[in-house]
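Participant: Let's see this in three dimensions:
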Amino acid sequence: VQLVESGGGLVQPGGSLRLSCAASGFPLGSSVMSWYRQAPGKGRELVAFITVGGGTTDYAESVKGRFTISRDNAKNTVYLQLNSLKPEDTAVYLCKASRPTGRDSWGQGTQVTVSL
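Facilitator: Numbers count the residues shown, from 1 in each chain. Below you'll find the model as predicted:
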């Protein structure tokens, strides 16, 4: 069971990134998927989640209107589109699978840095 995030990097304020979280060893389609972030010296923050069928999504107030979570169950992958990025979005972004077994699985994270 593994989750691997990718797509992070250095971007200027106002820029965009698309993060991916690829699952292996289990069918991602049966899990509620979430993206979290953790900035240096701060706690882990829930950024967005998407239900199993993708019919419901929700976002932290700080990213509403700028970030979009989506999933492609056929590719066993969930995405987070980050637009209009701000310096305060700088963090390690991690995905989590809340599996039907009741156990959560986490990826290792991908770094997003927003700076001139």
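
Participant: For Lys75, give its distance to Asn83.
Facilitator: 22 Å (CB to CB, to the nearest Å). Bear in mind the C-beta positions are built from the backbone N, C-alpha and C, glycine included.

Participant: likewise Arg18?
Facilitator: 9 Å.

Participant: same thing with Gly41?
Facilitator: 26 Å.

Participant: same question, Gly25
Facilitator: Taking CB to CB, one finds Gly25 at 31 Å from Asn83.

Participant: Please say which of the two ends up with more neighbours.
Facilitator: Asn83 (14 against 10; other CB atoms under 10 Å).

Participant: Just give the nearest non-adjacent residue to that one, would you?
Facilitator: Ser16 (4.8 Å; CB to CB, 6 or more residues apart in numbering).

Participant: Per-residue pLDDT of that neighbour, please?
Facilitator: pLDDT, Ser16: 98.

Participant: check which helix or strand covers the residue nearest in space to the middle of the chain.
Facilitator: The residue lying closest to the centre of the chain (CA atoms, centre = their mean) is Trp35, at 3.1 Å. Under the criterion of DSSP states H and E, Trp35 resides in strand 32-38.
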